[in-house]
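Student: coordinates for the following, if possible.
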Amino acid sequence: MQSRLRTLRTLALSVACLGIAGVTQSFPVVMPGCAGGVPVSSFRLLVEPPKGGPAIPVTSVNVIRPGDKLRYEPTHLPVSAKHKGKIALMLIPASDQSSKGLKILEPKPAKDVQEWEVPLRTAVLGVVFGPQGLDCSSLSK
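Tutor: Have a look, this model is predicted:
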């Protein structure tokens, strides 16, 4: 479990470093089998405050609180991922939370704009992209 948490934290830090360029930053997703590791997909992930206000790129946010909405916006998807592609979010609660372990938010179709309401104060956010779909039972192992 500790190694998974370290891996997720490393992933979250990597995602955070990618967004320093600004609001229009898109996150590349590399699908397996892609020659040369060239990104074949990109998206934006934004945090919307519960009482309104502008959406902010997740990389510019220090705290993700309960009630915030996470908004996924695909900017480029290959045709193969538009039919079966799914996106899911993984949350690791902040240390002051009573809940422990990983919380996986419902996988949704990757081809459309999607939103999830955050159920808990989040320390680490992970993004899972499945170009051929997702099996949530495999995410929690």
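Student: and Ala110, how many neighbours?
Tutor: 25 (other CB atoms under 10 Å). Where you see a C-beta, it was placed from the backbone N, CA and C, and this is true even at glycine.
Student: nearest residue to Ala110 in space, please, no chain neighbours.
Tutor: The shortest distance from Ala110 to any non-neighbouring residue, by CB to CB, 6 or more residues apart in numbering, is to Gly85 (3.6 Å).
Student: what's around that neighbour, how many residues?
Tutor: 24.
Student: contact partners for it?
Tutor: Gly85 makes contact with Leu77, Pro109, Ala110, Lys111, Phe129, Gly130, Pro131, Gln132, Gly133, according to CB atoms under 8 Å, 6 or more residues apart in numbering.
Student: the last one is in contact with His83, isn't it?
Tutor: Pointing back at Gly133 there. No: counting by CB atoms under 8 Å, His83 is not a contact partner of Gly133; they are 9.4 Å apart.
Student: what about the closest residue to Val63 other than its chain neighbours, distance to Gly85?
Tutor: Residue nearest to Val63 in three dimensions, not counting chain neighbours: Arg121, with 7.1 Å by CB to CB, 6+ apart. Distance, Arg121 to Gly85, using CB to CB, to the nearest Å: 29 Å.
Student: do Gly101 as well
Tutor: Taking CB to CB, one finds Gly101 at 27 Å from Gly85.
Student: one more: Lys100?
Tutor: Separation of Lys100 from Gly85 (CB to CB) stands at 31 Å.
Student: now do Leu102
Tutor: The gap separating Leu102 from Gly85 is 22 Å, by CB to CB.
Student: again with Gly133
Tutor: 7 Å.
Student: ok, Pro93 next?
Tutor: Taking CB to CB, one finds Pro93 at 28 Å from Gly85.
Student: what pLDDT does Ala55 get?
Tutor: Each residue has a pLDDT score; the one for Ala55 is 93.
Student: ok, and the helix or strand in the chain with the lowest average confidence?
Tutor: helix 2-18 (a mean of 44; mean pLDDT, DSSP states H and E).
Student: which SSE is Phe43 in?
Tutor: According to DSSP states H and E, Phe43 maps onto strand 41-48.
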